[in-house]
Structures are given as C-alpha cells and as structure tokens.
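> model this:
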Amino acid sequence: MTDPFKNRAISLSGPSRDLAPVTPDDNNDLPEIALALYIETAGTISFVSVSGTTRSVKVGNYAILPVGIRRIHATGTTATGLHSFTVQ
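The predicted model follows:
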C-alpha cells in the first residue's frame, strides 16, 4: 500500500494525520494542540485556544470546530464524543 502522507510536510491547512479521543481536563493541556475538534453529541465546550484565550461555545451533533485548541475544560463542557484533529 502506498502512503500519500509519507513525504508530505505537516501543514495546518492540509488534512490532519489522525483523530484522537479527548478527555476534558481543567488542569492539563492536550498532549498536542488540536487543529480542530470533532464533536459527536451536542452541548457546550469550554476551552483554551492556541492563543491562550478561554472560550465557551455551543455546538451541535456531529460538529467540527475549526480552531486551534490547547485545553478543553471539564468544568463547563457538556458536549461528548470529543476527538482532536492531530498532525502527528
């Protein structure tokens, strides 16, 4: 099988290389900054953006939130089935 990602430089504008499940945590950042989030079940997401700003947004079922995120807070987050778009 050929790997179209093998010689491709990591890009913030290209496809992510993987999805990783996310467990919201008030005290710890994600293992790597998410390029975006995929959300399975509607609710609110409280997060710290890559710029360091704390935000709270409502999202619908099966939503994609296209913003760089460093932390997702457990407190204030009611949406479930969260997955980060990753580059690694």
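
> Show me the shaky parts of the protein.
Per-residue confidence for the chain (pLDDT under 70) gives these ranges: 1-15, 88.

> I'd say Thr86 and Ala36 touch.
No: the criterion here is Cβ atoms under 8 Å, and Thr86 misses it with Ala36 at 9.7 Å. In short, each C-beta sits where N, CA and C put it, glycine included.

> what touches both of those two?
Ser16 (Cβ atoms under 8 Å, 6 or more residues apart in numbering).

> Count the neighbours of the nearest residue to Asp25 once chain neighbours are set aside for me.
Nearest residue to Asp25, sequence neighbours excluded (Cβ to Cβ, 6 or more residues apart in numbering): Ala74, at 5.9 Å. Residues near Ala74, counting by other Cβ atoms under 10 Å, number 11.

> sec struct for Ala74, please.
Reducing the assignment at Ala74 to three states with DSSP: H, G, I helix; E, B strand; the rest coil gives coil.

> mind listing what it touches?
Contacts of Ala74 were listed using Cβ under 8 Å, 6+ apart, and they are 24-26.

> Over to Gly76?
Gly76 makes contact with 44, 46, 56, according to Cβ under 8 Å, 6+ apart.

> quick one: which of the contacts of Ala74 has the most company?
Among these, Pro24 has the most neighbours (other Cβ under 10 Å), with 20 neighbours.

> wait, which of the contacts of Gly76 is closest to Gly81?
Distance to Gly81 across the contacts of Gly76 (Cβ to Cβ) is lowest for Thr44, with 13.8 Å.

> that older thread, filter the contacts of Gly76 to the buried ones?
For the contacts of Gly76, a neighbour count by 16 or more other Cβ atoms under 10 Å gives the buried set as Ser46.

> Return the member of the contacts of Gly76 nearest to Ile64.
Ile64 lies nearest to Thr44 out of the contacts of Gly76, by Cβ to Cβ, at 16.0 Å.

> How about the contacts made by that closest one?
Residues near Thr44 by Cβ under 8 Å, 6+ apart: 56-59, 76-79.
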